[in-house]
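*Asks:* Pasted the sequence and its predicted model underneath.
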Amino acid sequence: MFNALKYTKSLEENGFEREQAEILVRMFMQMIEFNMVSKSDLERFRNTDFQSLRSDFEHFKTEVYHRFDKLEENLDHKINRLSLQLTVKLGVMLAISMGLISTLITLKL
């Protein structure tokens with residue numbers, strides 16, 4: 001348990017004025033009270049129906065999976081399109097190379 005008098009005296013012994021020490025201890029006690037859970041708070045929490053929260057979570061999870069599926073499909077489509085573009089470019093480069101080689105062979109003969 002928090003002993004306010006003990007901490008007030010300790011603060012005074014370490015250079016705080018009495019009024020400053022009391023204010024600091026009072027503020028600290030208010031913070032402790034604010035952060036403490038009462039028995040009724042705990043009982044209310046125990047009796048809370050988490051079904052709504054579970055339902056919301058399941059909906060969120062389904063939505064996330066759906067979005068990932070769409071992203072995966074989009075990525076697959078882009079990869080396939082890029083693969084096709086690279087194949088066409090490679091084919092064009094090969095055709096140009098063959099034309100150049102053919103031209104060079106014809107010029108040398």
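*Replies:* Received the coordinates, thanks.
*Asks:* Point to the residue nearest the middle of this structure.
*Replies:* residue 64 (13.2 Å; CA atoms, centre = their mean).
*Asks:* Domain map for the chain?
*Replies:* Domain segmentation of the chain under automatic domain parsing yields 1-36, 50-109.
*Asks:* picking that back up, could you say which helix or strand holds the residue nearest to the centre of the chain?
*Replies:* helix 51-108 (DSSP states H and E).
*Asks:* Keeping just the C-alphas, turn the worst-scoring helix or strand of the chain on mean pLDDT into CSV.
*Replies:* Least confident element among the helices and strands of the chain, by mean pLDDT, DSSP states H and E: helix 39-46 (a mean of 78). Extracted C-alpha coordinates of helix 39-46, given in CSV (Å, rounded to 0.1, in the frame of the first residue of the first chain):
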residue,chain,number,x,y,z
LYS,A,39,-14.0,-5.3,-8.1
SER,A,40,-17.0,-4.1,-10.0
ASP,A,41,-14.9,-3.2,-13.0
LEU,A,42,-13.4,-6.6,-13.0
GLU,A,43,-16.8,-8.3,-12.6
ARG,A,44,-18.2,-6.2,-15.5
PHE,A,45,-15.3,-7.3,-17.6
ARG,A,46,-15.8,-11.0,-16.7
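*Asks:* related to what we said a few turns ago, most tightly surrounded among the domains of the chain?
*Replies:* domain 1-36 (a mean of 12; mean count of other CB atoms under 10 Å). (Glycine included, C-beta is placed from N, CA and C.)
*Asks:* Before we move on, what's the pLDDT of residue 90?
*Replies:* Note for residue 90: predicted pLDDT of 96.
*Asks:* Give me the distance between it and residue 97.
*Replies:* 10 Å (CB to CB, to the nearest Å).
*Asks:* okay, now residue 37: neighbour count?
*Replies:* 9 (other CB atoms under 10 Å).
*Asks:* And it, what's its pLDDT?
*Replies:* pLDDT, residue 37: 75.
*Asks:* How about residue 109?
*Replies:* 68.
*Asks:* go on, residue 1?
*Replies:* pLDDT, read off for residue 1, is 52.
*Asks:* Kindly report the same for residue 58.
*Replies:* pLDDT recorded at residue 58 is 94.
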